[in-house]
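Student: Fold the following for me, if possible:
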Amino acid sequence: QVQLVESGGGLVQAGDSLRVSCAASGRTFSSYTMGWFRQAPGKPREFVATISRSGRNTQYTDSVKGRFTISRDNAKNTVYLQMTNLKPEDTAVYCCAANRAYNSGTVSSTAGEYDYWGQGTQVTVSS
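Tutor: Predicted coordinates:
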């Protein structure tokens, strides 16, 4: 069982930067591929970024490439999403998720492959 708690969301202006974090319970954090997803009001949940167990592999949705960076610190059981040049269309609830992965290089953009989810943190970008 893994519990995930996000933090760091808030209200920012377009062009600003923000870092959201996701802290995981347990001693097996390094066994999980981690992902960030977001959901805006009235829209379906959307994949944002994923990082492999080792941190060597990452994948991003096209709309955030070059602006967002996912990283992890396995010693701190934490995954981060650094967001720069934020746009109003980035406004959403951002949730992290954990996928038990047997391959250290696995990444996943598919929500259905994730086993555990956090409650989310709200990011609002004003124009």
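Student: tell me which residues of stretch 13-29 are tucked away?
Tutor: L18, V20, S21, C22, A23, A24, F29 (16 or more other CB atoms under 10 Å). (Glycine included, C-beta is placed from N, CA and C.)
Student: Which single one of these is nearest to A98?
Tutor: A24 (6.6 Å; CB to CB).
Student: and A49, what helix or strand is that in?
Tutor: strand 46-51 (DSSP states H and E).
Student: what packs against that strand?
Tutor: Contact here means 3 or more CB pairs under 8 Å, 6 or more residues apart in numbering; DSSP states H and E; on that basis strand 46-51 packs against strand 32-39, strand 58-60, strand 68-73, strand 78-83.
Student: Name the strands paired with it and say parallel or antiparallel.
Tutor: strand 32-39 (antiparallel), strand 58-60 (antiparallel) (DSSP bridges).
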